[in-house]
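A predicted structure for the sequence below; I have some questions about it.
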Amino acid sequence: MVVFSGGMTSHASDFMRALLIEDTVDLGSAITARLRGDGHAVEWLTDGAHASQRIKEDAFDLIILDLMLPNMSGTDLLKLMRSLRIKTPVLVITARGEIGDKIDLLDIGADDYLVKPFDLRELEARMRAVVRRHSGTSTSKLELGDVTIDIAAQFVIVSGKRAELTRREFRLLELLVLNLERVVPRERLMDQLFGYENAVNPNALELYVSRIRRRLKPSKLRIETVWGIGYVAKIDDAKTDLH
């Protein structure tokens, strides 16, 4: 059984007032429709200069920020926000090529980022995690069989014991379990994990998957390889403990 607690499905307590700054019409429309459909209040802007004025006028729970914007880039907008001591959490959405210049988004003030393309469910989960981290709470928990994953606090409990994962291992596990029973293409995982790096060992993803598998070994949660495509997370309900 999979239990999403602390807002992994939409509840009144998860209501957010979000500012989306994205100039791609199709993507902006899709995000806005999805979030409004889940009960959030979303204001959508497509111009960086306009957004720079808007963030000074009103308070939001979260800002979803594209980097490539007309009149003022997302990077400059983020720097401006932090220089003005505007502490609103910022989730950056960006194309792989846009972060290939080694800009450290976290250092300039981003709270998290997603590399395009992404699943809207992943966007929502990261939104909740970012807001909860910002507010000091940690209730975004996924319970998958005998594994508990706290997205906000970023820790994993496997069969009652805490599993030590690096930040990148945790991010990979999160991407897979948010798509439980669905194959996640290798290219998409590479983009999300290594999108800001110019040179990555072609075997790096397999290495991280192998490490996570070792940590999950006592549990019913499995990561399976779909050859030629990617990986899928599954819960093996048939597994029994052997002594």
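Happy to help now that I have it. Residues are numbered from 1 along each chain as shown.

Just after the worst-scoring helix or strand of the chain on mean pLDDT, pick out the following helix or strand.
Lowest on mean pLDDT, DSSP states H and E among the helices and strands of the chain sits strand 2-5, with a mean of 44. Of the helices and strands lying after strand 2-5 in sequence (DSSP states H and E), the nearest is strand 17-21.

Residues contacting that next one, please?
Contacts with strand 17-21, where a contact means C-beta atoms under 8 Å, 6 or more residues apart in numbering, come from 28, 31-32, 35, 40-46, 48, 51, 54-55, 59-66, 69, 74, 77, 127. In this view, the C-beta of every residue, glycine as well, is placed from N, C-alpha and C.

Among these, which lie within helices?
G28, I31, T32, L35, G48, A51, R54, I55, G74, L77, M127 (DSSP state H).

what mean pLDDT does stretch 71-91 have?
Stretch 71-91 comes out with an average pLDDT of 93.

what about it, how long is it end to end?
End-to-end span of stretch 71-91 (C-alpha to C-alpha, to the nearest Å): 20 Å.

cool, stretch 177-189 as well?
12 Å.

Please check the contacts of strand 17-21 and keep the buried ones.
28, 31-32, 35, 40, 42, 44-46, 48, 51, 54-55, 60-66, 69, 74, 77, 127 (16 or more other C-beta atoms under 10 Å).

where along this protein do the strands fall?
Applying DSSP state E to the chain gives strands spanning 2-5, 17-21, 41-45, 62-66, 90-94, 112-115, 141-144, 147-150, 155-158, 161-163, 184-185, 221-226, 230-235.
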